[in-house]
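[1] Dropping the sequence and predicted coords here.
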Amino acid sequence: MDKLISIEDNRPEDVRWLLSLSEPELDLLITLKELALQRAKVIGLENLANKFDLKILRALSQGKLKEERKKREKRTTAMHT
């Protein structure tokens with residue numbers, strides 16, 4: 001199986017960020033990478049998918065992950081009140 005993300009080729013802060021993610025957040029990140037790979041293959045630009053490294057995935061996912069964290073916090077708060 002091909003590696004989706006190579007840790008050794010990334011900045012330390014990106015690796016720390018990756019390690020801080022929850023399982024659902026990691027699932028989102030993996031899905032985003034798989035989607036990029038699939039779309040690039042469909043349009044015949046597989047080399048473009050290789051540019052979707054951890055730094056770019058982090059930038060793309062920041063908004064979505066923040067949104068998901070807020071939803072989770074609301075659910076947790078609602079369950080405890």
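    Thanks, I have the structure now. Here the structure is a predicted model, which is why all the values come from computation and not from measurement. Numbering: from 1, shown residues only.

[2] all helices of this protein, in order?
    Applying DSSP state H to the chain gives helices spanning 12-19, 23-42, 46-49, 54-80.

[3] Adding mean pLDDT and mean neighbour count, write these out as JSON lines.
    The C-beta positions use only the backbone N, C-alpha and C, and glycine is treated the same way. Formatted as JSON lines, the helices of the chain follow (pLDDT from 0 to 100; neighbours: other CB atoms under 10 Å):
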{"stretch": "helix 12-19", "mean pLDDT": "84", "mean neighbour count": "13"}
{"stretch": "helix 23-42", "mean pLDDT": "86", "mean neighbour count": "14"}
{"stretch": "helix 46-49", "mean pLDDT": "80", "mean neighbour count": "12"}
{"stretch": "helix 54-80", "mean pLDDT": "79", "mean neighbour count": "12"}
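
[4] wait, doesn't P24 sit right on L65?
    No: look at P24 against L65 with CB atoms under 8 Å: they stay out of range, at 9.4 Å.

[5] Pull up the gap between the residue positioned nearest the centre of the chain and A36, please.
    By CA atoms, centre = their mean, the chain has its centre lying nearest to L29, at 2.2 Å. Using CB to CB, to the nearest Å, one gets 11 Å for the distance from L29 to A36.

[6] ok, E46 to L35 distance?
    E46 is 14 Å from L35, by CB to CB.

[7] So for G44, what's the pLDDT?
    We note a pLDDT of 90 for G44 in this prediction.

[8] Oops, could you answer that again for L4 instead?
    Value for L4, per-residue pLDDT: 52.

[9] Kindly report the same for the one 3 residues further on.
    In this prediction, I7 carries a pLDDT score of 63.

[10] try the one 4 residues further on
    We note a pLDDT of 82 for R11 in this prediction.
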